[in-house]
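Student: Provided below for reference: sequence and predicted model.
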Amino acid sequence: MPTVKKPVHQVTVAVTGKFHDGYNPLTGKPFKLVYQRVRKGLGNIENRGRMDLQIRIQVSIRDKQSPTQLQSRKRLAAATAAYKHLDNTAKTDWCRQAAKLRMTGFNLYIRRYCKAHPLTEF
């Protein structure tokens with residue numbers, strides 16, 4: 001009985017996690033490469049199937065308590081609170097506008113709120 005070969009992207013779907021540690025030769029800074037499973041239409045390169053693996057650099061925040069990070073968190077919290085206080089008709093309007101952009105009403109509201117309120121306000 002002949003063996004059926006699966007495409008490489010179907011065989012390697014179970015591979016996840018850290019791939020390599022190293023140093024950027026230009027900056028000398030350390031980095032970590034990781035496998036990430038992405039759906040069709042997402043990621044940095046075209047997928048061959050429904051799901052595919054891509055390699056990316058893992059980014060970590062160095063200072064989670066920096067003033068900019070804290071301001072960003074306050075702005076996001078204020079935007080979320082403002083959205084929660086909207087009435088249902090306003091939320092429906094946001095959802096209708098967002099549908100044209102293929103996103104949720106909440107995400108569109110947060111995006112516009114953050115653009116309208118710079119970090120210096122928080």
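Tutor: Thanks, I have it. Numbering: from 1, shown residues only.

Student: wait, is Q65 part of a strand?
Tutor: No. The assignment for Q65, made by DSSP: H, G, I helix; E, B strand; the rest coil, is coil rather than a strand.

Student: next one: phi and psi at it?
Tutor: Main-chain torsions, Q65, degrees, to the nearest 10: phi -120, psi 20.

Student: okay, now it: neighbour count?
Tutor: Here the count is done by other CB atoms under 10 Å, and Q65 has 8 residues near it. C-beta: built from backbone N, CA, C; applies to glycine.

Student: if I look at it, how far off is K91?
Tutor: For Q65, the distance to K91 (CB to CB, to the nearest Å) stands at 33 Å.

Student: repeat that for K115.
Tutor: The gap separating K115 from K91 is 19 Å, by CB to CB.

Student: same check on V59?
Tutor: 33 Å.

Student: K115 and K91: who's more crowded?
Tutor: Neighbours of K115 and K91, each counted by other CB under 10 Å, are more numerous for K91; the result is 15 against 8.

Student: contact partners for that one?
Tutor: Contact analysis of K91 by CB atoms under 8 Å, 6 or more residues apart in numbering lists Y83, G105.

Student: what helices or strands is whichever strand or helix holds T80 leaning on?
Tutor: Per DSSP states H and E, T80 falls inside helix 67-84. Contacts defined by 3 or more CB pairs under 8 Å, 6 or more residues apart in numbering; DSSP states H and E place helix 67-84 against helix 105-116.
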